[in-house]
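> Got a sequence here, can you build the structure:
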Amino acid sequence: MNRIDSKKNPTVKAIKKLTTPAGRKKANQYLLESWHLVGEALQHLPTTQINLILATDQQLLQHQAAFHDKNVTVISNEVAKELGATSTPQGIFAVVNIPKQRQFPQSLQGAWLLLDDVQDPGNIGTMVRTADAAGFTGVIFGDGTASQYNDKVLRAMQGSQFHLQLFRTDLLPLVKRLHQQNFPVFGTALDPNAQNYRDVQPISDFALVMGNEGNGMQPELLRQTTNNLYIPITGQAESLNVAVAAAILMFQLHQT
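The predicted structure is shown next:
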């Protein structure tokens, strides 16, 4: 079993680059941090997709049964602090290979969340996690939406990415195709012509589009949807956080 004690080690420097978009793209890998996420990956991903596990002596002792036959490198607390994105890292990481995106299905079934130019990592991760809790089939990342491999997105998703189907694609042609297939697509808009979300009956097969935090959905996308919804605000707040609004709509529309 290998051991790394210095944060100046070349392997540590290479892994540190995985916290940047350019580093992830070049290596075709991303970094998971914390036992919860690493444990989820060990449970749900193929063994070949997990390239390397890094753990402090304490984490190795605590989870050694889960590391059987895995490629594990022991690291010092200094290295853990160097790689960690939090002020008090747990001391366990996994370098994971980014898989080829599976073929996009010709037609969708179930409930799907579509993210249109959503940029805040915390919002994205929270919405993916909520979609998982609400029983959705998958989440589609549209153009402009932050990467699912962003470290803040990964932390906010809390492992829900392993329970859902995740895709990235241009939403405009997708929504047009779904409209042609009579697959309901609900947009979200503060618009006089939008419908109160409480007036929509829950259904099992549909897509829900959540737009950019400041600008909302693209106007062209809004014109392509089956129906656009709004959440009445009875207090004095101007609007709801996009992740909060998404949670309300997901649990309302998809009741099983």
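
> where in this structure is pLDDT low?
Within the chain, not a single segment meets pLDDT under 70.

> Is Gln59 in a helix, a strand, or coil?
Put simply, Gln59 is helix when judged by DSSP: H, G, I helix; E, B strand; the rest coil.

> I meant to write Val38 there.
Val38 - assigned by three-state DSSP - is helix.

> what's the neighbour count on the closest residue to it other than its chain neighbours?
Closest residue in space to Val38, ignoring its immediate chain neighbours: Ala94 at 4.6 Å, by C-beta to C-beta, 6 or more residues apart in numbering. C-betas here are computed from N, CA, C, even on glycine. Ala94 is flanked by 27 other residues according to other C-beta atoms under 10 Å.

> and whatever helix or strand Ala94 lives in, what other elements does it pack with?
With elements taken from DSSP states H and E, the one containing Ala94 is strand 92-97. Other helices and strands packing on strand 92-97, by 3 or more C-beta pairs under 8 Å, 6 or more residues apart in numbering; DSSP states H and E, are strand 29-33, helix 35-44, strand 50-55.

> and the shortest one, C-alpha only, in CSV?
If I follow you right, that is strand 29-33. C-alpha atoms of strand 29-33 as CSV (Å, rounded to 0.1, in the frame of the first residue of the first chain):
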residue,chain,number,x,y,z
GLN,A,29,-11.5,12.4,-13.8
TYR,A,30,-13.1,14.1,-10.8
LEU,A,31,-12.5,14.1,-7.1
LEU,A,32,-15.0,13.0,-4.4
GLU,A,33,-14.5,14.0,-0.8
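
> What strands line up against that strand, and which way round?
strand 92-97 (antiparallel) (DSSP bridges).

> what about the strand it pairs with, distance to the chain center?
16 Å (C-alpha atoms, centre = their mean, to the nearest Å).

> what does stretch 78-94 give?
Using C-alpha atoms, centre = their mean, the offset of stretch 78-94 from its chain centre is 21 Å.

> and what of stretch 182-189?
Using C-alpha atoms, centre = their mean, the offset of stretch 182-189 from its chain centre is 21 Å.

> contacts for it?
By C-beta atoms under 8 Å, 6 or more residues apart in numbering, the residues outside stretch 182-189 that reach it are 107-108, 114, 175, 178-179, 194, 200, 203, 205-211, 216-217, 221-222, 224-230, 245, 249, 253.

> Would you mind listing the buried residues in it?
Buried residues in stretch 182-189, counted by 16 or more other C-beta atoms under 10 Å: Phe183, Pro184, Val185, Phe186, Gly187, Thr188, Ala189.

> which one of those is nearest Gln158?
Thr188 (23.7 Å; C-beta to C-beta).

> and the closest one, what are its bridge partners?
Beta-bridge partners, per DSSP bridges, of Thr188: Leu229.

> Could you check how far it is from Thr86?
32 Å (C-beta to C-beta, to the nearest Å).

> residue contacts, Met1?
Val72, Thr73, Val74.

> so what's the second one up against?
Translated: Thr73. Thr73 touches Met1, Asn2, Arg3, Ile4, Thr11, Leu52, Ile53, Leu54, Ala55, counting by C-beta under 8 Å, 6+ apart.
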